[in-house]
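Asks: Pasting the sequence and the predicted coordinates here, then a few questions.
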Amino acid sequence: MTLAAPKFLFVPVSSAEGVGEYMRSLIVADEVKQRWPNATIQFILSRQAPYALTCPYPAALLDDTPTKNIKAVNDFMSFFLPDFVIFDASGRRSQLVHANKLGAKVIFLSQHKRKRSRGMKILRARVTDSHWVVQPEFVIGPISWLDRLKLRLIEKPEPTVTGPIFVNPNPKHQAALLSEYGLTVGEFIILNAGSGGHTNSRGFIVEEFALAAASIYQATQIPCVIVYGPNYPNTMIEAEGVTAIQELNHGELIDLLDAAKVAVLSGGDTLLQAIALKKPCLSVAVSKDQNYRLKVCEERGLTVCSDNKAQRISDGLVELMQADNLLKLETALAQCDCVNGLELGMNIITALYRNKFGVH
């Protein structure tokens, strides 16, 4: 632990299904490394997660998600002695307390009302230095007057609404990626069902996206690109007019999303990133916790929703692309104040760094 080489520990929810919390932690970790090149960065992950062995930073692997491994996480913190611990939708109160006792600055990220409420409970809030809400306020709503009063009484700040956190498009990298796949800006459709591991009664939902992509190309003659995701275990489907990609890193996915004409996405973090990028999209809930978010976004005219059947996805996207419908969606997106929260989050970390090390 030195001023020039702070130690950061990232503890995202990690499992065999979702990938959003891990990806968000990676984005913040990469930004930390840019800001403090000598920083030591460490992750704690479930070994059940498909990305556990490909994490670009050292990772301590547990038998289950870190939240359920209280002692193992606490023991590792005692060994590692971090300056900062970032819990992304994870962490028992005792784990946050332990991090605080070790002198670490504790950051907690929540993405749903339930997690946000948990993060504001007095005994947790007392040991949390910064609480980020990674949903736009129009989705999650304001905190109650009672929560505001409780936080004021214990002299803790209200959660900071960062909104979605992602890497901004990189024009140079984007041009190279488009060249690699033979694509042109604004002349292709991108489809992504999140991690690729979510299922319905018929199998993997991303396979419905793949069938929809083939139908969309036949109906529109616009090339489609489908990104299956790291958790999809089967052979990718081949179809005319459809480019199938197993996996992209976050920056590459954002570059393609930014360059696409329209998108078909799950209701996870990528949807909010698309809204921040002002990209018209049709969205599909691939897990129960996405339904409310999609309902709110659709009510505000920021997306069009579909169920997870291939034909409904295809029909919905073709209808969305009709000139009047597309203009309506683009107008609502242009007026939405949802933006990339990465810079705000990094400003908070920098302020905590200065406070911890007495830098002004």
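Replies: Cool, got the structure. Numbers count the residues shown, from 1 in each chain.
Asks: Report the strands that pair with the helix or strand hosting Val85, each with its relative direction.
Replies: Val85 belongs to strand 84-88 when assigned by DSSP states H and E. In the sheet, strand 84-88 lines up against strand 7-12 (parallel), strand 105-110 (parallel) (DSSP bridges).
Asks: what comes into contact with it?
Replies: For strand 84-88, the external contacting residues (Cβ atoms under 8 Å, 6 or more residues apart in numbering) are 6-13, 21-22, 24-25, 28, 77, 95-96, 99, 104-109, 349, 352-353. Every C-beta, even on glycine, is put in place using the N, C-alpha and C of the backbone.
Asks: Swap in 6 Å and give it another go.
Replies: 8-12, 21, 24-25, 99, 104-109 (Cβ atoms under 6 Å, 6 or more residues apart in numbering).
Asks: Are any of those buried, and if so which?
Replies: 8-12, 21, 24-25, 99, 104-109 (16 or more other Cβ atoms under 10 Å).
Asks: Would you mind confirming that Glu21 is in contact with Pro12?
Replies: Yes. Using Cβ atoms under 6 Å, Glu21 is in contact with Pro12, at 3.9 Å.
Asks: got any ranges where this structure has weak pLDDT?
Replies: Scanning the chain for pLDDT under 70 picks out the ranges 1-2, 17-18, 360.
Asks: Recalculate using a threshold of 80.
Replies: Regions of the chain meeting the criterion pLDDT under 80 cover residues 1-4, 15-19, 359-360.
Asks: What's the end-to-end length of stretch 292-307?
Replies: Start-to-end span of stretch 292-307 (Cα to Cα, to the nearest Å) is 14 Å.
Asks: Stretch 46-60 too?
Replies: Length of stretch 46-60, first residue to last, Cα to Cα: 8 Å.
Asks: quick one: contacts of it?
Replies: For stretch 46-60, the external contacting residues (Cβ under 6 Å, 6+ apart) are 14-16, 22, 41-45, 61-62, 64-65, 76, 230-231.
Asks: Now, these that are in strands?
Replies: 41-45, 61-62 (DSSP state E).
Asks: Now render these as TSV, adding distance to Asp289 and neighbour count.
Replies: Below are the ones in strands among the contacts of stretch 46-60 laid out as TSV (distance: Cβ to Cβ, whole Å; neighbours: other Cβ atoms under 10 Å):
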residue	distance to Asp289	neighbour count
Ile41	28	22
Gln42	28	20
Phe43	23	25
Ile44	23	25
Leu45	21	25
Leu61	25	16
Leu62	23	21
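Asks: nearest to Leu265, of the residues you listed?
Replies: For the ones in strands among the contacts of stretch 46-60, the residue nearest Leu265 by Cβ to Cβ is Leu45; the value is 24.8 Å.
Asks: Ile349 versus that closest one, what's the distance?
Replies: 21 Å (Cβ to Cβ, to the nearest Å).
Asks: next one: Ala323
Replies: Taken as Cβ to Cβ, the span from Ala323 to Ile349 is 44 Å.
Asks: Surely Arg93 is in contact with Arg124?
Replies: Yes. Between Arg93 and Arg124 a contact is recorded at 5.1 Å, counting by Cβ under 6 Å.
Asks: ok, those two, which is more surrounded?
Replies: Arg124 (21 against 15; other Cβ atoms under 10 Å).
Asks: The more buried one falls within a strand, correct?
Replies: No. Arg124 is assigned helix when assessed by DSSP: H, G, I helix; E, B strand; the rest coil, not a strand.
Asks: Touching, it and Arg92? I think so.
Replies: No. Judged on Cβ under 6 Å, Arg124 makes no contact with Arg92 at a distance of 9.2 Å.
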